[in-house]
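Student: Structural data only, the sequence is not supplied:
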């Protein structure tokens, strides 16, 4: 036997032994601590996206729910919807899943479910042949231009289909009046998948009667149907996405059938935060977070609890002439006109995530904004291409600009997605920013810089953004942008309160994973007892949010404990 063959066999045996140990310890823990009964309230966990790593995170939370007396049941995809988010990830121009892909995906999902001992059923268990035929007929009959607005069972399945299609299409130009037949076929497949998942979600809710529906993301055809359908039926609905910090997440309830704010919060929670000014300690935490985020350093929960001093990050929020002038020179700006930056979005990744835009889509916003900027020569305009567009994008915002505008005037500068200019340096340079829903709408106001929002973002209406309610209002604001003043001291304070809530209180760490394995690590068996009620205040808050349909927001007592534990 060769050395490489022996190594493979050894690794396989080692993996099998580790898995067996994991299962034995987990079963023993649940046997001793699970408080579930047959009639215990049920939490439905939706897993139609086909990602074992996401199932693992949800399984860890499922364990925490089980020891608190709640049954959990997973719905796992077995290819019944025919198309999914995986069709657009790392597969080039592949149009549909092949049967063997679905089989392999299901095998991986079953394996992870077995490892964590979760109870699950398959999507196909909840839809019959007659329903599939009916939904297939709908997906082929509806005019392509009407798909986006199509609703089924009271939910916007057409919007979910469009969001999934755009993600698959990676922002390649789409003209709905003459969409190519091959692209139309894919669009209709996502439409069919959205219809199927809504149908399955409806049957699941009817049969299981959950008190809450829980899922990752809450967008695309894979995750949106159960969340929005549950909300429409008066059932608690919550989804999560990964946060900016490693090991952290945003857990958000659905507040409105027309909107899902990944990072926002309910009006009641915001008013509670707004009534309480930031303490000195909270200001230090926020400054450190912002410093690390802007510098690109790895973010953690560490904090230095000492008074701010001269030369600290708080002092550096104000522009330093030498730095600003150097960057102006680098960008070729040689006048004193206002400098305004439009921060583009990753237009193909959940851009139709139910936020309210005043333009048809983010591409139209970009094109029409630049057209207006060409006319406004007394402003130095910067277009910052989103850095994530350099990963897997077929047609970036930069490509759109090059195709639509062959020669831009000198008062408009383009910063490509691979620019070496630090975001914080750019923040210091500009007088104002423009976005639809980007995080810059929270970050710039912390520095006293106004941000024009082309629609409604999760931070709109809080008192520190310039919210345009129509195209006319938006373009009028651009025309008068030189008159927009820096934010007042009170506005900056409010912006910092909101930023603290979003970046500190709403980024929720999951500490029971093996952190050496990274953000998607396995459950740490040495920390099993932390799953129990009262052992980890963060898990207590997460579980309470899932069960009772509440945004997961850390209180100061819990935050203090997190910082003490991680700094010691």
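Tutor: Done, it's in. Given the structure is predicted, the values throughout are model-derived calculations rather than measurements.
Student: make it CA atoms for all contacts and neighbour counts henceforth
Tutor: Noted.
Student: Which helix or strand in this structure has the lowest average pLDDT?
Tutor: Every helix and strand of the chain was ranked by mean pLDDT, DSSP states H and E. The lowest is helix 313-316, at a mean of 35.
Student: what residue ranges in this protein are flagged as low confidence?
Tutor: In the predicted model, the chain carries pLDDT under 70 at residues 1-17, 87-100, 171-178, 256-261, 295-324, 347-355, 388-395, 565-568.
Student: Nearest the middle, which residue of it would you pick?
Tutor: residue 241 (4.7 Å; Cα atoms, centre = their mean).
Student: so it sits in a strand?
Tutor: Yes: assessed with DSSP: H, G, I helix; E, B strand; the rest coil, residue 241 lies in a strand.
Student: The stretch 51-200 of the chain: strands as residue ranges?
Tutor: If DSSP state E, counting those that start in this stretch is used as the criterion, the strands of the stretch 51-200 of the chain fall at 71-76, 120-122.
Student: tell me which strands and helices the longest one is in contact with?
Tutor: Read that as strand 71-76. strand 42-47, helix 52-66, strand 120-122 (3 or more Cα pairs under 8 Å, 6 or more residues apart in numbering; DSSP states H and E).
Student: now stretch 549-558, how far from the centre of its chain.
Tutor: Centroid separation between stretch 549-558 and its chain, computed with Cα atoms, centre = their mean, to the nearest Å, is 19 Å.
Student: Tell me who's in contact with the nearest residue to residue 485 once chain neighbours are set aside.
Tutor: Excluding the flanking residues, the one nearest residue 485 by Cα to Cα, 6 or more residues apart in numbering is residue 450, at 7.6 Å. Contact analysis of residue 450 by Cα atoms under 8 Å, 6 or more residues apart in numbering lists 431-433, 444, 464-466, 484-487.
Student: out of those residues, which are buried?
Tutor: Those of the contacts of residue 450 that meet the buried threshold are 431-433, 444, 464-466, 484, 486-487, by 16 or more other Cα atoms under 10 Å.
Student: Where strands are concerned, which of these count?
Tutor: 432-433, 466 (DSSP state E).
Student: could I get those as a markdown table with distance to residue 539?
Tutor: Shown next, in a markdown table, are those (distance: Cα to Cα, whole Å):
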| residue | distance to residue 539 |
| --- | --- |
| 432 | 39 |
| 433 | 37 |
| 466 | 37 |
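Student: about what we covered before: quick one, which of the strands of the stretch 51-200 of the chain is packed in tightest?
Tutor: Using mean count of other Cα atoms under 10 Å, the stretch among these with the largest mean neighbour count is strand 71-76, at a mean of 22.
Student: now that strand and helix 52-66, what's the angle there?
Tutor: 170 degrees (axes from the mean of the first three to the mean of the last three Cα atoms, to 10 degrees).
Student: Okay, now the sheet partners of strand 71-76, with direction.
Tutor: strand 42-47 (parallel), strand 120-122 (parallel) (DSSP bridges).
Student: List of residues touching that strand?
Tutor: Under the contact criterion Cα under 8 Å, 6+ apart, strand 71-76 has outside partners 36-38, 40-48, 50, 62, 65-66, 106, 109, 118-123.
Student: Can you tell me which of these are buried?
Tutor: Buried subset of the contacts of strand 71-76 (neighbour count, 16+ other Cα under 10 Å): 36, 41-48, 50, 62, 65-66, 106, 109, 118, 120, 122-123.
Student: circling back: make JSON lines out of the helices and strands packed on strand 71-76 and add distance to residue 249.
Tutor: JSON lines is the format used below for the helices and strands packed on strand 71-76 (distance: least, Cα to Cα, whole Å):
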{"stretch": "strand 42-47", "distance to residue 249": "17"}
{"stretch": "helix 52-66", "distance to residue 249": "11"}
{"stretch": "strand 120-122", "distance to residue 249": "24"}
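Student: Among the ones you listed, which comes closest to residue 182?
Tutor: strand 42-47 (28.7 Å; Cα to Cα).
Student: Show residues contacting the closest one.
Tutor: Counting by Cα under 8 Å, 6+ apart, residues outside strand 42-47 touching it are 55, 58, 70-77, 208-216, 223, 226, 547.
Student: before we move on, the earlier item: now for the strands paired with strand 71-76, which one comes closest to residue 372?
Tutor: With respect to residue 372, and counting by Cα to Cα, the nearest of the strands paired with strand 71-76 is strand 42-47 at 44.3 Å.
Student: what helix or strand is the closest residue to residue 262 other than its chain neighbours on?
Tutor: Excluding its sequence neighbours, the residue lying closest to residue 262 (Cα to Cα, 6+ apart) is residue 252, at 6.0 Å. If you go by DSSP states H and E, residue 252 is part of strand 248-253.
Student: Please list the strands that that strand pairs with in its sheet, giving the direction of each pairing.
Tutor: Strand 248-253 sits in its sheet next to strand 236-242 (antiparallel), strand 508-509 (antiparallel), going by DSSP bridges.
Student: Now render those strands as CSV, adding distance to residue 339.
Tutor: Formatted as CSV, the strands paired with strand 248-253 follow (distance: least, Cα to Cα, whole Å):
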stretch, distance to residue 339
strand 236-242, 33
strand 508-509, 36
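Student: would you list every one of the helices in the stretch 251-400 of the chain?
Tutor: For the stretch 251-400 of the chain, the helices defined by DSSP state H, counting those that start in this stretch occupy 267-274, 280-295, 313-316, 321-331, 362-375, 397-404.
Student: just the stretch 451-568 of the chain next, same as before
Tutor: Ranges of helices in the stretch 451-568 of the chain, per DSSP H, counting those that start in this stretch, are 471-479, 489-500, 537-548, 556-567.
Student: Just put those in TSV and tack on distance to residue 412 and mean neighbour count.
Tutor: Listed next are the helices of the stretch 451-568 of the chain as TSV, based on distance: least, Cα to Cα, whole Å; neighbours: other Cα atoms under 10 Å:
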stretch	distance to residue 412	mean neighbour count
helix 471-479	14	16
helix 489-500	28	21
helix 537-548	46	20
helix 556-567	44	14
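Student: didn't residue 184 look like it was pressed against residue 144?
Tutor: Yes: look at residue 184 against residue 144 with Cα atoms under 8 Å: they come within range, at 7.4 Å.
Student: Between the two, point out the one with more neighbours.
Tutor: The residue with more neighbours, out of residue 184 and residue 144, is residue 144; 18 against 15, by other Cα atoms under 10 Å.
Student: for the strands paired with strand 248-253, which one sits closest to residue 289?
Tutor: Closest to residue 289 of the strands paired with strand 248-253 is strand 508-509 (Cα to Cα; 14.1 Å).
Student: For the closest one, which outside residues touch it?
Tutor: Applying Cα under 8 Å, 6+ apart, the set of residues contacting strand 508-509 is 243, 247-251, 538, 552-554.
Student: redo that, cut-off 6 Å
Tutor: 247-249 (Cα atoms under 6 Å, 6 or more residues apart in numbering).
Student: Walk me through the domains of this protein.
Tutor: With automatic domain parsing as the criterion, the domains of the chain are listed as 14-140+196-263+508-554, 280-505.
Student: got those domains as CSV, with distance to residue 170 columns?
Tutor: CSV is the format used below for these (distance: least, Cα to Cα, whole Å):
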stretch, distance to residue 170
domain 14-140+196-263+508-554, 8
domain 280-505, 5
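Student: Those: which one's closest to residue 270?
Tutor: Smallest distance to residue 270 across those (Cα to Cα): 7.7 Å, for domain 280-505.
Student: what about residue 128, how many neighbours?
Tutor: 10.
Student: Would you quantify the distance from it to residue 203?
Tutor: Note on residue 128: its distance to residue 203, by Cα to Cα, to the nearest Å, is 11 Å.
Student: again with residue 482
Tutor: Distance from residue 482 to residue 203, by Cα to Cα: 56 Å.
Student: cool, residue 42 as well?
Tutor: Separation of residue 42 from residue 203 (Cα to Cα): 15 Å.
Student: Residue 138 too?
Tutor: Noted for residue 138: a distance of 19 Å to residue 203, by Cα to Cα.
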